[in-house]
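K.L.:
give me a 3D structure for the following:
(one chain, ligands or ions: 1)
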Amino acid sequence: MEKLKIAVIGAGNIARNAHLPVYAERDDVEIVAICDWNLDRAKEIAAKFNIPHAYTTVEETLEKHPEIEAVDICVWNRSHAPVAIAAAKAGKHILCEKPMAWSVEHAEQMKKAVDEAGVTFMVAVMTRYANESQVLKAEIDSGRLGDIYYAKTGYMRRRGTPIGWFTDTQKSGGGPVIDIGIHCIDRTWYLMGKPKPVRISASTSYAIGEFKTKGVNRYKALDSDVTAFDTEDSAAAIIHFENGATMMAEVSWAINMEQDGPTEYTHIMGSKAGAKMFPLRIYGEENGYLCNMELPTASNNAYAAEIDHFIDCVRNHKTPESNAEDGLTMMKILEGIYTSAKAKKEIEL
Ligand SMILES: NC(=O)c1ccc[n+]([C@@H]2O[C@H](COP(=O)([O-])OP(=O)(O)OC[C@H]3O[C@@H](n4cnc5c(N)ncnc54)[C@H](O)[C@@H]3O)[C@@H](O)[C@H]2O)c1
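P.N.:
Numbers count the residues shown, from 1 in each chain. Next up is the predicted model:
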């Protein structure tokens with residue numbers, strides 16, 4: 001089989017620690033080039049992963065290597081749209097890190113470009129491709145939970161604000177809502193069967209900001225010499241859907257609450273049974289009694305599973321599970337949370 005020729009755009013943390021190690025394990029992929037505004041960073045990664053070429057712009061990368069078939073976008077959120085639009089115009093398939101874009105406007109421009117080019121576009125929402133999500137999705141699709149009418153989800157860090165561009169709205173688009181809210185809200189929305197969002201009521205808090213707490217771990221972007229800190233540090237939202245279902249969501253990078261268990265949770269409630277992750281458990285009835293059922297599920301490398309799905313879609317002309325339409329809807333939900341919080345009232349989408 002011919003190897004799929006890919007260029008990775010962005011040589012930061014997610015590229016070097018998650019995507020490139022997965023590609024290195026695959027014999028059906030060739031990473032032709034790595035590109036980053038910071039050429040030293042691109043060259044360092046090229047040497048580490050045996051990538052023959054390093055460039056500073058997506059335009060130069062694609063111009064020099066017309067043989068490239070797909071790009072994997074691992075740059076800041078604000079750069080997703082310009083890079084994706086350039087790639088789509090050059091006829092390349094696209095895997096784009098989450099969130100799809102910096103704003104709804106950017107996401108709409110990206111969708112238009114990929115639709116016009118007829119290329120495959122996938123948002124890298126890895127939580128969907130985790131084993132636990134796939135097992136629960138199969139249970140829900142089999143009808144085991146009945147009709148889903150309510151869900152609640154959260155991603156709550158007590159002190160876990162990332163260091164770097166993430167706290168600069170001009171680069172990120174927002175704080176925990178857009179950064180980790182997408183992980184739990186997208187997964188929950190997917191498990192609910194992707195109902196159409198119609199109304200949102202939300203609030204955001206700016207209570208803690210930068211902190212000097214000792215003994216905590218924080219994610220550090222490679223571009224961490226950024227001084228701006230103008231994002232929220234927590235948020236809560238009620239999202240209403242056209243089919244009558246409701247999702248409650250809460251997220252935080254920093255908040256004063258107990259943190260003993262996992263930072264992320266999802267509960268899905270249906271007319272026949274409910275489900276919870278993590279661990280994966282189903283709450284129903286058996287022989288007239290309440291019954292809790294564990295579904296022990298080995299964890300997988302969700303990045304590897306997401307990349308596997310992308311390559312399968314490109315090779316076999318399939319529409320990805322997390323396609324541009326989904327990415328745009330998710331951006332409308334995330335931006336809707338900010339709009340409602342700012343307006344201090346429920347908004348219609
Ligand atoms: N799925 C996950 O679990 C996960 C985790 C972390 C980050 N991410 C996402 O990955 C993306 C990158 O985050 P990171 O933590 O790797 O950041 P990072 O700062 O470590 O790396 C980003 C790199 O992008 C480069 N860059 C920005 N715009 C560019 C452009 N137009 N052209 C070329 N290079 C450009 C920067 O120079 C930098 O090296 C973000 O969208 C983030 O949301 C996803």
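K.L.:
from now on I want contacts and neighbour counts done on CA atoms only, so please keep to that.
P.N.:
OK.
K.L.:
the ligand contacts on this structure?
P.N.:
9-15, 35-38, 56-57, 74-77, 79, 97-99, 126, 179, 221-223 (CA under 6 Å from any ligand atom).
K.L.:
how does it look with 5 Å?
P.N.:
Selection of the chain residues close to the ligand by CA under 5 Å from any ligand atom yields 10-14, 36-37, 74-77, 79, 221-223.
K.L.:
just the mean pLDDT for the helix ranked longest in the chain, thanks.
P.N.:
Ranked by number of residues, the top helix in the chain under DSSP state H is helix 324-343. Across helix 324-343, pLDDT averages out at 98.
K.L.:
counting by contacts, list what that helix packs against.
P.N.:
When contacts are defined as 3 or more CA pairs under 8 Å, 6 or more residues apart in numbering; DSSP states H and E, helix 324-343 sits against helix 104-117, strand 121-124, helix 182-191, strand 197-205, strand 347-348.
K.L.:
can I get these in a markdown table with mean neighbour count and mean pLDDT?
P.N.:
Conversion of the helices and strands packed on helix 324-343 to a markdown table gives the following (neighbours: other CA atoms under 10 Å; pLDDT from 0 to 100):
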| stretch | mean neighbour count | mean pLDDT |
| --- | --- | --- |
| helix 104-117 | 19 | 98 |
| strand 121-124 | 27 | 98 |
| helix 182-191 | 24 | 98 |
| strand 197-205 | 21 | 98 |
| strand 347-348 | 14 | 98 |
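K.L.:
columns distance to residue 313 on top of the ones you listed, output as JSON lines?
P.N.:
What follows is the helices and strands packed on helix 324-343, written out as JSON lines (distance: least, CA to CA, whole Å):
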{"stretch": "helix 104-117", "distance to residue 313": "15"}
{"stretch": "strand 121-124", "distance to residue 313": "9"}
{"stretch": "helix 182-191", "distance to residue 313": "18"}
{"stretch": "strand 197-205", "distance to residue 313": "27"}
{"stretch": "strand 347-348", "distance to residue 313": "34"}
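K.L.:
returning to what we had before: centre of the chain to the longest helix of the chain, how far?
P.N.:
14 Å (CA atoms, centre = their mean, to the nearest Å).
K.L.:
try stretch 303-319
P.N.:
For stretch 303-319, the distance to the chain centre is 16 Å (CA atoms, centre = their mean).
K.L.:
which other residues reach it?
P.N.:
Under the contact criterion CA atoms under 8 Å, 6 or more residues apart in numbering, stretch 303-319 has outside partners 18-19, 22, 93, 95, 120, 122, 124-126, 129-130, 320.
K.L.:
can we see that at 7 Å?
P.N.:
Here stretch 303-319 makes contact (CA atoms under 7 Å, 6 or more residues apart in numbering) with 18-19, 22, 95, 120, 122, 124, 126, 129, 320.
K.L.:
in contact with the residue in the stretch 51-200 of the chain that the ligand sits nearest to, which residues?
P.N.:
Using CA to the nearest ligand atom, the single residue of the stretch 51-200 of the chain nearest to the ligand is residue 75, 3.5 Å away. Contact analysis of residue 75 by CA under 7 Å, 6+ apart lists 9-10.
K.L.:
how does it look with 10 Å?
P.N.:
8-15, 35-37, 83, 96-98 (CA atoms under 10 Å, 6 or more residues apart in numbering).
K.L.:
where do the helices sit along the stretch 51-200 of the chain?
P.N.:
All helices of the stretch 51-200 of the chain, identified by DSSP state H, counting those that start in this stretch, fall at 58-64, 77-89, 104-117, 131-141, 169-172, 176, 182-191.
K.L.:
send the alpha carbons of the last one over as CSV?
P.N.:
Yep, that's helix 182-191 we're talking about. Provided in CSV are the C-alpha atoms of helix 182-191 (Å, rounded to 0.1, in the frame of the first residue of the first chain):
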residue,chain,number,x,y,z
ILE,A,182,-14.9,20.9,24.3
HIS,A,183,-13.6,17.6,25.5
CYS,A,184,-16.5,16.9,27.8
ILE,A,185,-19.3,18.8,26.0
ASP,A,186,-18.4,17.3,22.6
ARG,A,187,-18.2,13.8,24.0
THR,A,188,-21.5,14.2,25.8
TRP,A,189,-23.3,15.7,22.8
TYR,A,190,-21.9,12.9,20.6
LEU,A,191,-23.2,10.3,23.1
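K.L.:
which strands or helices does that helix pack on?
P.N.:
Contacts defined by 3 or more CA pairs under 10 Å, 6 or more residues apart in numbering; DSSP states H and E place helix 182-191 against helix 131-141, strand 148-156, strand 246-252, strand 264-270, helix 324-343.
K.L.:
try it again with 7 Å
P.N.:
Secondary-structure packing of helix 182-191 (3 or more CA pairs under 7 Å, 6 or more residues apart in numbering; DSSP states H and E): strand 148-156.
K.L.:
quick one: mean pLDDT for the strand it packs on?
P.N.:
The model assigns strand 148-156 a mean pLDDT of 97.
K.L.:
with stretch 34-54 instead?
P.N.:
For stretch 34-54, the per-residue pLDDT averages 98.
K.L.:
what sits up against it?
P.N.:
7-11, 31-33, 55-58, 61.
K.L.:
please indicate which of those residues are buried?
P.N.:
Applying a neighbour-count criterion of 16 or more other CA atoms under 10 Å, the buried members of the contacts of stretch 34-54 are 7-11, 31-33, 55-58, 61.
K.L.:
for stretch 29-49, what is the distance to the chain centroid?
P.N.:
That offset, for stretch 29-49, works out to 23 Å (CA atoms, centre = their mean).
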